[in-house]
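*Asks:* I'll drop the sequence and a predicted model, then ask my questions.
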Amino acid sequence: MLKTWLPAISGMFCFGLGVGLIGVYGFFVAPLSREFGVGVAVLNIGPVALLLVPGILGPAIGKLADRIPIRQILLAGVGLTMLSLFAISVAPTLRLVALGFLTFSLGLTLYGPLVVNGLLVKLYPGQEARALAIAAIGISVAVIIMPLLVGSLLAQFDWRQTLQVLATGLLVVLWLVILAGVPGGVVHAASTVAGPSSAALYRNPTFWLIGLCVAMVLNVSVVVGVSYPPHFASQGYTVADAGRFLAVSGMAGLLGKSCFAWLGDAAREHAKWIAAALLLLQIAGLGLLFVAEGAPDVMLALCLVGFGIGAFVPMHPYLNSRYFDAGIISQVNGAQGPLFLPFGLVGAPLAGYAFDHTGNYNAVFIALAITLAAATLLLTRLPKPTK
């Protein structure tokens, strides 16, 4: 049984020690600000690269993942990522740090969701939801473990030595996990069609409906994550309160992924309605957060939003797997990558602008709820799944 799910478990490690690294970015902002004499606002531009690289290179990487052994792509991505971390740790100027972070983002893309999800859809026909959820759980686990690990390292070493220890340790762990759990050859789907031309793919309305919907929803998730801490502070809650609230949201997200693993495969023919229900759950949570009058209301709201966001994390490849052949799934996922850029690049800055001018996130939560409602309408336009 364990051997059967080894690729999915390997994907969980890739997610947790890949995408999960983004959650510890904030630990290094203050040390870099002191060392290079720049403001926090300048350093907060860094995560934009995490959107730009997959958005621009996603189509090419997606095609590559359907044609060559995925194990090679994953190993190369891990190697590039950890080499970039090591290069950042010895960089003498902020410009070189920025260049290192750009290559770091490329490495993360090579062993991130775009490549891993394509592998899992091909390996687990009929069990895609369970496999995708297992991999996505790695992010939830990393949210708990990685801050504790990085915090303890920074208590003993400076930021440069901490990056070196992280790079070395993660390189060894991930390479061993990938070599042990990911097949070495080209992975073919049970039924495979020739890859469509870009023109044919872009003429398919389903391609646009799924891509735009997922882009809107994931951008909402990013803005929500950025908005929570200052929102709680503006409402008079302490940092300890905010920590408890975020922990509740994280646990709800983990529960959401687990439920998706159980429900997604059992209700395959109703994929779009599952996705729509998760969005309505988030809308309800945002509405409750808007009118919350105490900690119990806030926790209930975060349970609803966290559950919906957590369960929606694997939804992008899952929806595509219902409408496109598994043999080209990475190409489809990658081709939709550029759709994430407009929403991702303007969402968080606009939310910050609204907070600066109003002192709260009330208008932001209303805008996010409207965005989710629009995404839900897009889902209802999807035809009946062809697979």
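*Replies:* Structure's in. What do you need? Numbering: from 1, shown residues only.
*Asks:* ok, and the closest non-adjacent residue to residue 117?
*Replies:* Residue nearest to residue 117 in three dimensions, not counting chain neighbours: residue 317, with 3.8 Å by Cβ to Cβ, 6 or more residues apart in numbering. All C-beta atoms are positioned from the backbone trio N, CA, C, and that covers glycine.
*Asks:* within the helices and strands, which one has the one you found?
*Replies:* Remark: residue 317 resides in helix 315-323, with elements defined by DSSP states H and E.
*Asks:* show me what that helix is in contact with.
*Replies:* Where contact means Cβ atoms under 8 Å, 6 or more residues apart in numbering, the residues beyond helix 315-323 that reach it are 113, 117-118, 120-121, 128-129, 132, 206, 210, 214, 217-218, 260, 264, 268, 271-272, 275, 278, 329, 332-333, 336, 382-383, 385-387.
*Asks:* so who does residue 155 touch?
*Replies:* The contact partners of residue 155, by Cβ under 8 Å, 6+ apart, come to none.
*Asks:* any idea how far it is from residue 86?
*Replies:* For residue 155, the distance to residue 86 equals 21 Å [Cβ to Cβ, to the nearest Å].
*Asks:* and for residue 160?
*Replies:* Noted for residue 160: a distance of 10 Å to residue 86, by Cβ to Cβ.
*Asks:* in the stretch 51-200 of the chain, which spans are helices?
*Replies:* Using DSSP state H, counting those that start in this stretch, the helices of the stretch 51-200 of the chain run over 70-90, 94-110, 113-123, 128-156, 159-181, 198-202.
*Asks:* would you convert these into CSV that also reports mean pLDDT?
*Replies:* Shown next, in CSV, are those (pLDDT from 0 to 100):
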stretch, mean pLDDT
helix 70-90, 94
helix 94-110, 91
helix 113-123, 86
helix 128-156, 83
helix 159-181, 94
helix 198-202, 67
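*Asks:* tell me the mean pLDDT over the helix holding residue 317?
*Replies:* Helix 315-323 shows a mean pLDDT of 85 in the predicted model.
*Asks:* so which bits of it are buried?
*Replies:* Judged by neighbour count (16 or more other Cβ atoms under 10 Å), helix 315-323 contains these buried residues: 315-323.
*Asks:* then stretch 141-160?
*Replies:* 141-143, 146, 150, 153-154, 159.
*Asks:* how many residues are close by residue 384?
*Replies:* If you count neighbours by other Cβ atoms under 10 Å, residue 384 ends up with 10.
*Asks:* gap between the nearest residue to it once chain neighbours are set aside and residue 318?
*Replies:* Nearest in space to residue 384, with sequence neighbours left out and distances taken as Cβ to Cβ, 6+ apart, is residue 269 at 7.7 Å. As for residue 269, its distance to residue 318 is 13 Å (criterion: Cβ to Cβ).
*Asks:* mind splitting the chain into its structural domains?
*Replies:* Per automatic domain parsing, the domain ranges recorded for the chain read 6-181, 198-380.
*Asks:* mind checking how far the shortest one is from the chain centre?
*Replies:* Between the centre of domain 6-181 and the centre of its chain there are 11 Å (Cα atoms, centre = their mean, to the nearest Å).
*Asks:* and it, end to end?
*Replies:* End-to-end distance of domain 6-181: 5 Å, with Cα to Cα, to the nearest Å as the criterion.
*Asks:* same thing with stretch 118-134?
*Replies:* With Cα to Cα as the measure, the first residue of stretch 118-134 is 14 Å from its last.
*Asks:* residues in contact with it?
*Replies:* Outside of stretch 118-134, the residues that reach it under the criterion Cβ under 8 Å, 6+ apart are 5, 7-9, 11-12, 62, 65-66, 70, 117, 135, 182-183, 187-190, 257-258, 260-265, 268, 314, 317-318, 320-321, 326-327, 329-330, 333.
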